[in-house]
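>>> All I have is the shape, not the residue letters:
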């Protein structure tokens, strides 16, 4: 496929995703069994890697997906907002999650923050077999270790070790698996 054709195809997929596919009902509704596959067909060309049996819920927003990877058998809950992230295999993510990979600049006190632009993108890494509860916020550059559980509503500001359960704001260790 030529580069120009690929770019045009990706642009069409973006338009179709944001105009139609994003707004389809949840994949778990009795009449909606095909929506999961429609989302996968439209989303696959947009991502750096899009695994097998990926489940993206309705109303999910993506930012900088050309560098985002989603592993096999992973899911992103409805109403989530996803920045640059590498998601492993068998990752479960609840609804309304925010994975923020980029912040505003704010170091120059002589310029309003809204005019300073953005910091460099710091990808988030989520290893295999992770469960992320609903309404979790993960900040730029954080690594979530294999087999970890992130409790609902947690704000994750630092790396999480493998097989660790964290919760709270800021997220703290509350157990080990």
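That came through, no problem. Fair warning: this is a prediction, and the values are worked out from it, not measured in the lab. Residues are numbered from 1 along each chain as shown.

>>> can you pull the pLDDT of residue 110?
Note on residue 110: pLDDT of 92.

>>> From residue 120, how far out is it?
Residue 110 sits 22 Å away from residue 120, going by C-beta to C-beta, to the nearest Å. Yep, even glycine has a C-beta here, placed from its N, CA and C like the rest.

>>> who's more crowded, those two?
Neighbour totals were compared for residue 110 and residue 120, and residue 120 leads with 10 against 4 (other C-beta atoms under 10 Å).

>>> Apart from its chain neighbours, what residue comes closest to the more buried one?
residue 102 (7.5 Å; C-beta to C-beta, 6 or more residues apart in numbering).

>>> so who does residue 166 touch?
Residues near residue 166 by C-beta atoms under 8 Å, 6 or more residues apart in numbering: 148, 149, 150, 151, 154, 156, 160, 172, 173, 174.

>>> what does residue 40 give?
Taking C-beta under 8 Å, 6+ apart as the contact definition, residue 40 lies against 50, 54, 56.

>>> if we go to 6 Å?
By C-beta atoms under 6 Å, 6 or more residues apart in numbering, the contact set of residue 40 is residue 54.

>>> What is the burial count for the closest residue to residue 108 other than its chain neighbours?
Excluding its sequence neighbours, the residue lying closest to residue 108 (C-beta to C-beta, 6+ apart) is residue 116, at 5.9 Å. Neighbour count of residue 116, defined by other C-beta under 10 Å: 13.

>>> Quick check: phi and psi at residue 116.
With angles defined as degrees, to the nearest 10, residue 116 sits at phi -90, psi 0.

>>> so what's it scoring on pLDDT?
At residue 116, pLDDT is 92.

>>> ditto for residue 37
Residue 37 carries a pLDDT value of 89.

>>> you'd agree it is in a strand?
No - Residue 37 is assigned helix when assessed by DSSP: H, G, I helix; E, B strand; the rest coil, not a strand.

>>> Tell me how far it lies from residue 44.
11 Å.

>>> of the two, who's got more company?
Between residue 37 and residue 44, counted using other C-beta under 10 Å, the more crowded position is residue 44 (14 against 11).

>>> ok, residue 76 touching residue 56?
Yes - the pair residue 76 / residue 56 is scored as a contact, 5.1 Å apart, by C-beta atoms under 6 Å.

>>> any residues touching stretch 2-19, and which ones?
Under C-beta under 6 Å, 6+ apart, the answer for stretch 2-19 is 42, 45, 46.

>>> Helices along this structure, start to end?
With DSSP state H as the criterion, the chain has helices at 3-19, 35-43.

>>> Of those, which stretch is the most buried?
Stretch with highest mean neighbour count among the helices of the chain: helix 35-43 (a mean of 18; mean count of other C-beta atoms under 10 Å).
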